[in-house]
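Engineer: from the sequence below, what's the structure:
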Amino acid sequence: SYTKSYIISKSISLNNSLNIFRGLVYIKPFSYKSYNYTECSSLIFGNNSLTVTIPYIKNYNNTSYVKQEAFVSKIEIIYLFLLMQRGLSISESISLLIIGFCSDIYNKLPFEFNLEIPILFSLKIKDIFN
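Structural biologist: You can find the predicted model right below:
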């Protein structure tokens, strides 16, 4: 009883991709005043991308609190245009937007990973556009 849980999911859909989040939150009858927060954030790039959130909640205790949120953002051409006006290439602009989307996750990783993640994103984006 008196349990707190946080489920944070982030996904990136590029071109012809499909991302599906299915999460189960199960609160038993004796879990008094339990708390759950589930957040699903998705970033879409391309015309044929799809992201789906399917929450599955089993709450057998009416003193518990369950909250579920889902956000979908799309990389718009105007964002890329504004960054490219500042001198960035298309791949650098996309990398910057993706890194910003994922920053709250990779900032919790050890420092060594923090240095490598932007480089890995940039390399992957360059592979996509070459």
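Engineer: alpha carbons only for contacts and neighbour counts from here, please
Structural biologist: Will do.
Engineer: let me see the domain layout of the protein.
Structural biologist: 1-74, 76-130 (automatic domain parsing).
Engineer: which stretch in the ones you listed has the least confidence?
Structural biologist: Here those differ in mean pLDDT, and the lowest is domain 76-130 at a mean of 84.
Engineer: so how far is that domain off the chain centroid?
Structural biologist: Distance of domain 76-130 from the chain centroid (Cα atoms, centre = their mean, to the nearest Å) equals 14 Å.
Engineer: now swap in stretch 68-86 and tell me
Structural biologist: Distance of stretch 68-86 from the chain centroid (Cα atoms, centre = their mean) equals 14 Å.
Engineer: before we move on, what about stretch 35-55?
Structural biologist: 7 Å.
Engineer: give the buried residues for that stretch.
Structural biologist: By 16 or more other Cα atoms under 10 Å, the buried positions in stretch 35-55 come out as 35-36, 38-45, 49-51, 53, 55.
Engineer: ok, now how distant is Trp119 from Ile44?
Structural biologist: No, residue 119 isn't Trp; it's Ile. Ile119 sits 21 Å away from Ile44, going by Cα to Cα, to the nearest Å.
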